[in-house]
Structures are given as C-alpha cells and as structure tokens.
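[1] Have a look; sequence and predicted model below, questions after that.
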Amino acid sequence: MTVNYFLDTTSSAILLVVQHKGKKIKHSTGHIKPTSNWDKTKKQVRSMFNGYESINTELKSLKDYVEKIIREYKILNDHQIPTLDYVKSRINVDGNNKPIESEKKDVKTFQDLIKDYLESKKATVKSSTYTNYSDAIKKIKDFQKEENSIITFEGINAQLIGKYKRFLSKTKMDQTSIRSYLRQFKYILNWGIENEYLASYNPSIFKYKAKKGQGHIIYLNADEIEAIENYIPTSKTHEIVKDYFLLQCYLGLRISDILTLRKEHIKNGHIDKVTQKSKIRVYNPVSEKASAIFKKYEDKQTKYLFPTFSIATINTALKKIAEEVKINENIVTVRFIGNEAIEEVVPKYKLVSSHTGRRSFATNLIYKGCPIAVVSKLLAHSSIAITEIYFKDTPDVIAFIAKNYVMEQEIK
C-alpha cells in the first residue's frame with residue numbers, strides 16, 4: 001500500500017492518493033496550484049511559489065498521518081494490510097491534519113467498549129473461551145475499583161498500563177498469566193478500533209518483559225495420581241475438574257482438547273481427534289480408567305462431553321484438590337515481582353495446574369521406558385525438540401533418560 005500526492009491536471013487540485021493492488025482512493029487536500037508550481041518528482045509544491053514551505057509541511061503532516069494509520073493497523077492485526085475503505089474512513093481531518101470527531105455518532109466510552117466486546121463474543125466463541133474473556137474484563141473492572149477511577153480512552157497511556165501491570169503483580173499472579181491479561185486488554189482495544197470506539201492507541205505500552213524464574217517444573221508420580229483418584233469431591237466443580245485432570249494423566253491431552261471432546265472422538269478404544277493448538281491428529285489409546293470417566297458423561301445431550309470452566313477456575317480447584325490429598329512436598333521456586341527476585345519454598349500442591357496432568361502423562365511414560373519419540377507423537381508435538389523442553393528443567397528425568405541411553409550403548 002502506497003501513499004503519495006498527485007496534481008489533478010484538470011482541476012489543478014493537489015490530491016492525496018492511497019493505492020493498493022491496482023485500486024486507489026483519492027482525498028482532496030484543499031489546495032489548488034497550477035501545474036507549473038508542482039514538482040512531479042518530489043510530489044510537492046516548487047520552491048519558487050510564495051508560501052511553499054507551509055503547504056509542503058502541511059502535506060507532509062497529512063501523509064505521515066495516513067502512513068501512521070496503515071502502520072498501526074498492521075501492528076495490531078498481525079501485519080495484515082488494511083482495506084482502502086478502512087483507510088478512507090480514517091482520513092477525516094481538519095485544516096491542521098488532526099482527526100476530528102464525527103457529529104453524527106454518539107460518543108462511546110471505554111466502559112461501553114468492554115460491555116459490547118463481551119456481548120459480541122457470547123455468540124461467536126466457545127463457552128470456555130468466553131469465560132476467559134469474561135475473566136479478563138473482570139480483572140480490568142477490579143483494577144478500576146482499586147484505583148477508584150474509570151478508564152477513559154484518553155487515559156490509556158504508559159502510566160495507566162504500568163499501574164495495571166503492578167496491580168496484576170500484586171495478586172501474586174505468575175508472569176505468563178500477567179502477559180495473558182495484557183494481551184486480552186490489547187484484543188479489546190483492537191476490537192474497539194475495528195468498531196470505531198477509538199481511533200488508535202500505542203501498542204508498545206503493553207510490552208511486558210517477564211523475568212524467568214528458576215522454578216521447578218512439576219509432575220505427579222504414580223502415588224500422587226492415585227491420591228487424586230481416591231479423592232472424594234466436595235463439590236460438583238471439584239468432581240468435574242478431577243475428571244479433567246485424570247484424563248490428562250491417562251491420555252496426555254491438553255486441557256483445551258479435554259474441554260472440546262465429543263462422543264464421536266472416542267472410537268475403537270482410542271481418542272481420534274485433531275488437537276486444538278497444534279492441529280495434529282492424535283490416536284491415543286483409552287485405558288479402562290479413562291473409559292470409566294467417559295461413561296459418567298455419555299448421556300449428556302450437550303455438544304461437548306464435559307461442562308466447561310475457565311482455566312482460572314480449573315487451576316484453583318486443582319490446587320485445592322492437591323492440597324486436600326496432601327501433595328505437599330516442598331519445592332524451591334524463584335519468582336519475580338517487578339525486578340525483585342523472590343525465592344520461595346512452597347508445597348507442591350500450589351504448583352499444580354491444568355498442564356500438570358499432561359506433563360505427568362509424559363514423564364511417567366518416560367520412566368516406564370517409552371521412547372521419547374513415541375511420547376512426542378502421543379502429545380501431538382510437531383517435533384521431539386518440543387517434547388524435550390518438558391524435561392529440560394527436570395534433572396531426575398534427564399538423569400533417567402541419560403542412564404538408559406548409556407546402558408543401551410553398552411549393550412550394543
């Protein structure tokens with residue numbers, strides 16, 4: 001997409017022209033100059049004309065503004081080029097080349113945006129995804145309550161987002177979750193731009209450089225999984241989340257694939273499904289224990305086998321379950337709040353999450369002697385290198401794999 005000036009030879013009007021793939025839009029600058037005063041090469045008024053400097057400065061300002069519209073759209077939309085209609089709708093400037101408000105439209109606020117954004121997602125996304133959107137907006141509302149102020153479009157700047165980052169950090173949230181909430185905030189603003197709630201914002205204010213903590217990547221061993229199996233749920237939520245988790249331990253599926261399981265995915269004693277994240281088809285065997293869980297839900301008349309909860313709800317329930325069955329081995333972790341590194345000794349149950357079951361599946365298979373290449377296939381990883389990341393911070397598993405590799409070499 002190119003932005004340039006041309007002099008209309010018929011009317012002598014200086015036009016701003018935006019072109020893309022053989023199509024163009026024209027925008028009158030309001031200036032009319034004879035052909036003799038126009039430099040075709042430099043696309044500006046010739047210096048011989050009185051007042052050329054102020055006109056050329058104005059033209060440069062308008063061109064810069066339009067290029068900024070295109071540039072920001074690409075940043076916010078994964079480098080996609082905007083349509084000419086979108087650019088045309090944004091070129092609404094006064095004599096100073098500044099955006100002017102449309103008198104025909106009602107002024108919408110940030111509060112309108114978050115309400116309408118959530119409403120728009122209700123009918124277009126899975127219930128689990130919608131719950132995550134809802135959680136993100138609740139977090140923004142909680143932030144407003146703590147600050148005792150309402151967010152406005154004019155107030156969305158580096159200072160505000162800096163406060164929001166500190167707010168998220170104060171909740172002792174892990175850095176991956178903080179990054180996720182910041183990303184959701186950007187998604188909301190991007191939707192707002194597309195639907196003309198706001199003109200633009202500076203995406204760089206959402207940058208979040210997480211410091212990597214030296215934690216302990218956990219998995220549950222056979223005894224700990226058995227403790228979960230024997231757990232008697234204290235609520236319906238705990239019962240369903242327990243089943244999610246055990247299926248991950250038995251099948252190695254991501255939580256997103258557990259939540260989107262349908263009856264037709266279970267056939268001939270296997271899970272036959274294209275995974276949500278990697279889009280790789282898995283054909284994993286279903287054990288007797290997994291079959292017993294599926295039977296509990298086989299009469300459900302819903303699209304998916306299981307009721308859906310947000311990841312936050314699942315993780316909270318899992319930690320509570322793990323605590324109740326006394327998965328409390330002490331683990332040394334390092335986390336960061338801002339630039340401060342905090343070393344903590346925490347009970348293992350506090351580190352259990354929706355990914356622990358999948359990691360436990362993989363690690364326990366390795367301990368049973370299953371080749372890592374096979375484990376990689378069962379996990380629907382695109383390469384063994386990705387599977388190896390599972391074990392890079394788990395010294396005991398690395399030692400086990402290395403020991404077996406040495407023994408194999410000696411036997412050869």
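    Ah, there it is.

[2] how does this structure divide into domains?
    2-90, 110-206, 222-411 (automatic domain parsing).

[3] And the pLDDT for residue 411?
    Each residue has a pLDDT score; the one for residue 411 is 44.

[4] so residue 342 is in which element?
    For residue 342, the host element (DSSP states H and E) is strand 340-347.

[5] Of the domains of the chain, which shows the lowest average pLDDT?
    Ranked by mean pLDDT, the domains of the chain bottom out at domain 2-90, with a mean of 81.

[6] what about that one, start to end distance?
    Taking CA to CA, to the nearest Å, domain 2-90 runs 16 Å from one end to the other.

[7] Just give me how far that domain sits from the chain centre.
    Relative to the centre of its chain, domain 2-90 is centred 36 Å away, using CA atoms, centre = their mean, to the nearest Å.

[8] State the next helix or strand along the chain beyond the longest strand anywhere in the chain.
    Ranked by residue count, the top strand of the chain under DSSP state E comes out as strand 23-32. Counting by DSSP H and E, the next helix or strand C-terminal to strand 23-32 is strand 38-39.

[9] in its sheet, what does that next one sit against?
    Its sheet considered, strand 38-39 pairs with strand 44-45 (antiparallel) by DSSP bridges.

[10] ok, residues contacting the partner strand?
    Contacts to strand 44-45, defined as CB atoms under 8 Å, 6 or more residues apart in numbering, come from residues 5, 14, 31, 33, 37-39, 52, 55-56, 59. Where C-beta positions appear, they are placed from N, C-alpha and C, glycine not excepted.

[11] tell me which residues of the following helix or strand past that strand are tucked away?
    Following strand 44-45 in sequence order, the next helix or strand is helix 52-76 (DSSP H and E). For helix 52-76, a neighbour-count test (16 or more other CB atoms under 10 Å) marks 52, 55-56, 58-59, 62-63, 65-66, 69-70, 72-73, 76 as buried.

[12] Check stretch 166-184 too.
    For stretch 166-184, by 16+ other CB under 10 Å, it's 167-169, 173-175, 178-182, 184.

[13] can you put those residues in TSV and add secondary structure and distance to residue 278?
    Putting the buried residues of stretch 166-184 into TSV (DSSP: H, G, I helix; E, B strand; the rest coil; distance: CB to CB, whole Å) gives the following:
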residue	secondary structure	distance to residue 278
167	helix	33
168	helix	28
169	helix	31
173	coil	26
174	coil	23
175	helix	23
178	helix	25
179	helix	21
180	helix	19
181	helix	24
182	helix	24
184	helix	22
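
[14] The strand holding residue 342 pairs with which strands, parallel or anti?
    Paired with strand 340-347 in the same sheet, following DSSP bridges, are strand 330-337 (antiparallel).

[15] just to revisit the earlier point, which one of the buried residues of stretch 166-184 sits closest to residue 270?
    The closest of the buried residues of stretch 166-184 to residue 270 turns out to be residue 180 (CB to CB; 32.4 Å).

[16] quick one: residue 219 from residue 258, how far?
    Residue 219 sits 17 Å away from residue 258, going by CB to CB, to the nearest Å.

[17] do residue 387 as well
    Residue 387 sits 19 Å away from residue 258, going by CB to CB.

[18] Of these two, which one has the most company?
    A count of neighbours by other CB atoms under 10 Å puts residue 258 above the other of residue 387 and residue 258, at 23 against 20.

[19] That one: which element?
    helix 255-259.

[20] Please identify the buried residues of that helix?
    For helix 255-259, a neighbour-count test (16+ other CB under 10 Å) marks 255, 257-259 as buried.
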